[in-house]
Every structure is written in C-alpha cells, then in structure tokens.
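Colleague: Quick one, what's the 3D model for this:
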Amino acid sequence: MKKDYPLVSIIIVNWNGLSVLKECFGSLSKIDYPNWELILVDNGSKDGSLDFARSYKFPFRLKIIENKTNLGFAEPNNQGYEISKGKYILLLNNDTKVNRDFLTKLVDRMEMDPEIGVCQPKIYLMEKPGYLDNTGSYITKTGLLKHEGFLEKDSPRFDKEKQIFAAKGACMLIKREVIEKVGLFDKDFFAYFEESDFCWRAWIAGYKTIYFPDTHIFHTLGATSKKMNQFVVNYHSIKNRIASLIKNLQFKNLFLVLLSHLFILAFISIFYLLRFQFGKFKMVASAVGWNLIHLPELLSKRKKIQKLRVVSDGKIFKDVGREWPLRQMFDHFRKVEANF
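Modeller: Modelled structure (predicted):
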C-alpha cells in the first residue's frame, strides 16, 4: 500500500539572514519528505537574502512574501500561513540546520494521534556540539516559563517523548486544524512569547503539545535577536508575557498568577533603580504600561479565547506545569542579566 504524505507548508521568516539562510536551505534540500512547499517571508532584508533565495535551485515550490520593513516574527508567520496550502504548518527559523528525516518522523508521529496539535523535535545548539537549546517549556505559577534542557549537555534523560506546555518557535510542526480553531500568532506581539501564547491556546482548545526526541535539528542561538536592540527584545518579552497571562488564564487564577508575576516585575524594577539602571527600569515600566493602555483589546481577545476552553487551568498546570523555587529563579535571572 502506497504511503500517504500530506502536504507540509514550511514557513521561514528572514531578516538580513543571508549568512545562515544558505545552510538552512542546503539542509532542507536534502530531507527525505517528498511533499512540501517553502514560504519565505522576508522583512525588508538588505543583505542579498532575496537574490539568493530566488536563484537557489530548489527541488520544491518556493513562495516569497516581501515586506518593506521588519515586522518581527509574529505577523510574518501569519502572512505565510495565509498563503499556505499544507495540512501541516512547519515554523522554522532561518538559523537552523535540519536532520534528513526530521520532517518524515514529525509528520508520522502527529498522524498517529489526533490529539497532538503541536510537535517539537530535540533542538541542539549549532555552535556547541552535544549541547541542547531546548527540550520544551513549562508554565509556572509565577507566569514565567521554565525552559528544560537549555544549555545542558545531552543525556538519556532527554530521549523520552513528553508533553510540554510550549514548543520553541525555532522548529514546531502544527496541524492546520489547530490554527483554524485558535488562530496562529497574536499580531500585537511583534516577537517573543508568541509561540508560547499560541501553544497555550491550543491546550485550552484541547490539543496537546509534545516534545518528540526521535529526530532533531540544530539551531544557532540568538542569530536574529543579537542584531536587535536588547532593550527592545526584553521589552517585547515582558509585554507579551503579561498580555498572554491576561488573555489565557481562567478568572480564578488570573489575579493569583498575574499578581505574582507583577510582584516579580516590581522586584526587578526596584533592583534596576537601586543600581541606577534607569533604561532597564523604563523598559519594564513601559511593558506594563502597554498592557494597561491596551487592556480593552486584551479583554476582548480574552473573551474569545475563553469561549474555546475545553481544558481547565488546573489540568494544564498539572500536566505541563512545573515548580520553580525562588533560588533557581534568581539564578536564572542572574544568567539573563549577565548576557543583557
């Protein structure tokens, strides 16, 4: 019996990524999955990325969307989805190198279980062989995410399939029916936390997100974000995380988790003030302020999302939540600050 290979639409967002796009395209051209299309959404690149893409000899169909300016990550992926045809949507960063069988194995796994809406492979660091970028993210009662496997050396404990709260946007395979039900990315997010917000909505609507380590890819950590102003990066990360809490939490948890999160942000703000880091203080204050200004729109989005709910907060926190002791949280904050 001939095997069925459903069409997969691969969406890559690019912004002046010529140096990494070459390796990404090269690895994609060698994959063993026979039925896919590539959609490149370019954010006004000036480095020859588009000329390279147009001249590349692809064994597949290439569609290109040209934006005049950098629209971030969220909206360009939405643009790519709008012209896609696949039963599955693969969101893939331009700074990745994929394994030959990665797409075949991801699709095969998702075809086996109708409850799986999102699937992430094991993601290795490109620049540090044998070390991991991500094996899945988990929600905590602080509103922060705990990223497992981050910068850790690979070991057998990362070889087991598991349910996760959120997949990493560097490589995530999504069933089209999930997007049709809950939408893709919030266009107001620009970049950062958009994939976690999406996976949260998928969980609410009754779809699972899993980490599937039977195949893998490689990812260059921060290849795009390092080109951006780090105050802008962290501003969007904080802004979007607060917005996601407002939209997705059930009412009984909204104040508990949101207040815990705002308390942590207040502590961080005081920390910055005491160290005379006024730019960072303003960054946090601006992120909180954005949510206050846009509260009516957020509440409108919240109303629509809560109507999708078939899975409670309690089950989500039970299945894909993690505890995060204050000491570990503080150590993580210090690592982030060291790289800021």
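
Colleague: Tell me if I'm right that residue 85 and residue 39 touch.
Modeller: No: with contact defined as CB atoms under 8 Å, residue 85 and residue 39 do not form a contacting pair (9.6 Å). For the C-beta atoms, the positions are set from N, CA and C on the backbone; glycine is no exception.

Colleague: shared neighbours, those two?
Modeller: Taking CB atoms under 8 Å, 6 or more residues apart in numbering as the contact rule, residue 85 and residue 39 both touch residue 9.

Colleague: out of the two, which sits in the busier spot?
Modeller: residue 39 (26 against 12; other CB atoms under 10 Å).

Colleague: For residue 23, which non-adjacent residue is spatially closest?
Modeller: In space, and not counting its chain neighbours, residue 23 is closest to residue 97: 5.3 Å by CB to CB, 6 or more residues apart in numbering.

Colleague: and that neighbour, what does it touch?
Modeller: 23, 24, 26, 27, 126, 217, 218 are the contacts of residue 97 under CB under 8 Å, 6+ apart.

Colleague: ok, the helix or strand hosting it: who's next to it in the sheet?
Modeller: Residue 97 is part of strand 96-98, with elements assigned from DSSP states H and E. Sheet partners assigned to strand 96-98 using DSSP bridges are listed as strand 208-219 (antiparallel).

Colleague: from the chain's centre, how far out does the strand it pairs with sit?
Modeller: Put simply, strand 208-219 sits 13 Å off its chain's centre (CA atoms, centre = their mean, to the nearest Å).

Colleague: Can you name the element that comes right after it?
Modeller: Next in sequence after strand 208-219, counting helices and strands by DSSP H and E, comes helix 230-248.

Colleague: May I see the buried residues of that next one?
Modeller: By neighbour count with 16 or more other CB atoms under 10 Å, helix 230-248 contains the buried residues 233-248.

Colleague: ditto for stretch 41-50
Modeller: Residues of stretch 41-50 classed as buried: 41, 42, 43, 45, 49, 50 (neighbour count, 16+ other CB under 10 Å).

Colleague: Mind checking the pLDDT average for it?
Modeller: In this model, stretch 41-50 has a mean pLDDT of 95.

Colleague: Outside of it itself, list whatever touches it.
Modeller: Residues external to stretch 41-50 that are found in contact with it (CB under 8 Å, 6+ apart): 11-19, 21, 53, 64-72, 76-77, 79-80.

Colleague: Which members of those residues are classed as buried?
Modeller: Buried subset of those (neighbour count, 16+ other CB under 10 Å): 11-18, 21, 53, 65, 67, 70-72, 76-77, 79-80.

Colleague: Top of the contacts of residue 97 by number of neighbours, please.
Modeller: Going by other CB under 10 Å, residue 217 tops the contacts of residue 97 with 24 neighbours.

Colleague: Would you quantify the distance from that residue to residue 110?
Modeller: To residue 110, residue 217 is 16 Å away according to CB to CB, to the nearest Å.

Colleague: what do you get for residue 302?
Modeller: Taking CB to CB, one finds residue 302 at 29 Å from residue 110.
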